[in-house]
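S.K.: Below are the sequence and a predicted model; questions follow.
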Amino acid sequence: MSPAAPEPARIALLAGGVRADAQVMKRQALRLRDAAATLRGGPLAPDWLDETIKDLIDRCMTAAADLEAAADRLDDHAGALLGVGGPAE
């Protein structure tokens, strides 16, 4: 193994962690959706609930997509450092 090998390995591990964070955000969006369904129409549900929950779900899904994109870029970078794919930037 070359001396440079651990760096791409660390980058790939980081990508895995970022991808796991994306999954956490997706699960949180589902939890929010379920909470809204439980509360919707109840006597204690505020008027702003649906709009706020929808906004939060959208933000979670946007964050998940951004994290997935970041993980993909980290994987690409690690691959480039190993000579797989395009040049490392």
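M.R.: Done, it's in. Residues are numbered from 1 along each chain as shown.
S.K.: Could I get the phi/psi values of the residue in the chain sticking out farthest from the centre?
M.R.: Among the C-alpha atoms of the chain, the one farthest from their average position, using C-alpha atoms, centre = their mean, is that of Pro43, at 34.4 Å. Summarising the backbone geometry of Pro43 under the convention degrees, to the nearest 10, its torsions are phi -70, psi -20.
S.K.: Tell me where the model's unsure across this protein.
M.R.: Within the chain, the stretches falling below the threshold (pLDDT under 70) are 1-6, 85-89.
S.K.: make it 80
M.R.: Counting by pLDDT under 80, the ranges of the chain that qualify are 1-6, 84-89.
S.K.: Do a quick rundown of the strands in it.
M.R.: Using DSSP state E, the strands of the chain do not appear at all; there are none.
S.K.: center of this structure, which residue is that?
M.R.: When the chain is reduced to its mean C-alpha position, the closest residue under C-alpha atoms, centre = their mean turns out to be Ala22, at 1.9 Å.
S.K.: can you pull the contacts of it?
M.R.: Applying C-beta atoms under 8 Å, 6 or more residues apart in numbering, one finds that Ala22 lies in contact with Ala63, Ala64, Ala65, Leu67, Glu68, Ala71. Where C-beta positions appear, they are placed from N, C-alpha and C, glycine not excepted.
S.K.: Among those, the buried ones, what's the PyMOL command?
M.R.: Buried subset of these, written as a PyMOL selection, criterion 16 or more other C-beta atoms under 10 Å:
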select buried, resi 63+64+67+68+71
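S.K.: out of the contacts of Ala22, who's nearest Ala15?
M.R.: Nearest to Ala15 among these, counting by C-beta to C-beta, is Ala71 at 4.4 Å.
S.K.: my guess is that closest one contacts Ala12, does it?
M.R.: No - taking C-beta atoms under 8 Å as the contact criterion, Ala71 and Ala12 are not neighbours in contact, 9.7 Å apart.
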